[in-house]
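> return atomic coordinates for the entry below.
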Amino acid sequence: MENNLKCSIIISVYKDTDSLDLILESLINQTIIPNEVIISEDGNSKEMVEYVKVAKDKYKKLDIVHLYQEDIGWRKNIALNRAIVASKYEYLIFIDGDCVPYSSFIEGHIKNSEKNIVLCGKRIELGSKFSEKVKQKKLKVSDIEKKFLKFLPKLLKDNTKHLEDGFVLSRNNFITKLVHKRYVRHIIGCNFSCFKQDILKINGFNEDFINPSEGEDVDPSWRFRKVGVELKSIRLLANVAHLYHEKRFDDDIGKINREIMQKTKELNKFFCDKGITKI
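As a prediction, the model looks like this:
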């Protein structure tokens, strides 16, 4: 895809302004700076409103838009749909507010973008000690990125998960080519991208999901395929570092979501009734 493709990055957040600041700091130091940054808040905290005012002045190179909604439970999919509608540009990149991008993250998505394709990335999940150092700004994710082999033993000791996704490789590397030939089962919600026109084909995210787990990533995956939009790996080309936190949902919630998804599959509702437009 041409390098002049304009993009909006949509960041899903809930109250955590410290992690958001790390993300914005990363975005101003990207090899390609996004044309628009949408802070998609599933809530309406005063702290976030005050932080965004400061951030707009602090990160002048970023076109920051803050969207918020009433805080009445998990409604991430509603917030995401509102962000899609509000987005100004043709290409959309999605990350979560607890994931800090590597310096070539935007470039990786832009340069590999294709119509009728969803680019699916992965994440390295930092352990508690490394996450705390990053949050306290004693260590930058870019430091880990540049000196990954040096940090590797300590990352391993800190119970970092998905260590293999901390490496950055070129598109022409044989390992990258091998990884990208593998079948991608579903999107990981904290790192994926697509053309706006492609996500509109499935009516965005299904707002019937009112709990975390699967509703914002596994569910749109099968619906994309139903309209001829395939999932393609962007692994090792567009990396993010996930900051440690306690698990926020249990298996019972996952079961509820799977039941909703199974019902929509049986009814073949790839264009969801309750999405960007309501049927």
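
> can you give me the helices in the stretch 101-250 of the chain?
Here the stretch 101-250 of the chain has its helices, by DSSP state H, counting those that start in this stretch, at 105-111, 128-135, 141-146, 148-157, 174-180, 196-200, 218-226.

> looking at these, which is closest to residue 186?
helix 218-226 (3.8 Å; CB to CB). For glycine as for every other residue, the C-beta is placed from the backbone atoms N, C-alpha and C.

> other residues contacting that closest one?
Outside of helix 218-226, the residues within contact range by CB atoms under 8 Å, 6 or more residues apart in numbering are 118, 185-187, 194, 198-199, 201-202, 205-206, 209, 230-231, 257, 260-261, 264-265, 268-272.

> filter these to the buried ones?
118, 186-187, 194, 198-199, 201-202, 205-206, 209, 231, 257, 260-261, 264, 269-272 (16 or more other CB atoms under 10 Å).

> among the residues you listed, which lie within strands?
Secondary structure from DSSP state E places 118, 194, 231 of the buried ones among the contacts of helix 218-226 in strands.

> for this protein, give the helix that spans the most residues.
helix 251-266 (DSSP state H).

> what does the average pLDDT come to for that helix?
Mean pLDDT, computed over helix 251-266, is 80.

> next: stretch 29-42.
97.

> return the set of buried residues in it.
Those buried within stretch 29-42 under the rule 16+ other CB under 10 Å are 30, 32, 33, 34, 35, 36, 37, 38, 39, 40, 41, 42.

> make TSV out of the helices of the stretch 101-250 of the chain and add mean pLDDT and distance to residue 48.
Listed next are these as TSV, based on pLDDT from 0 to 100; distance: least, CB to CB, whole Å:
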stretch	mean pLDDT	distance to residue 48
helix 105-111	96	23
helix 128-135	96	17
helix 141-146	95	22
helix 148-157	96	30
helix 174-180	59	36
helix 196-200	98	25
helix 218-226	93	26
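
> need those in JSON lines with distance to residue 68, can you?
As requested, the helices of the stretch 101-250 of the chain are exported to JSON lines (distance: least, CB to CB, whole Å):
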{"stretch": "helix 105-111", "distance to residue 68": "24"}
{"stretch": "helix 128-135", "distance to residue 68": "23"}
{"stretch": "helix 141-146", "distance to residue 68": "26"}
{"stretch": "helix 148-157", "distance to residue 68": "35"}
{"stretch": "helix 174-180", "distance to residue 68": "37"}
{"stretch": "helix 196-200", "distance to residue 68": "21"}
{"stretch": "helix 218-226", "distance to residue 68": "23"}
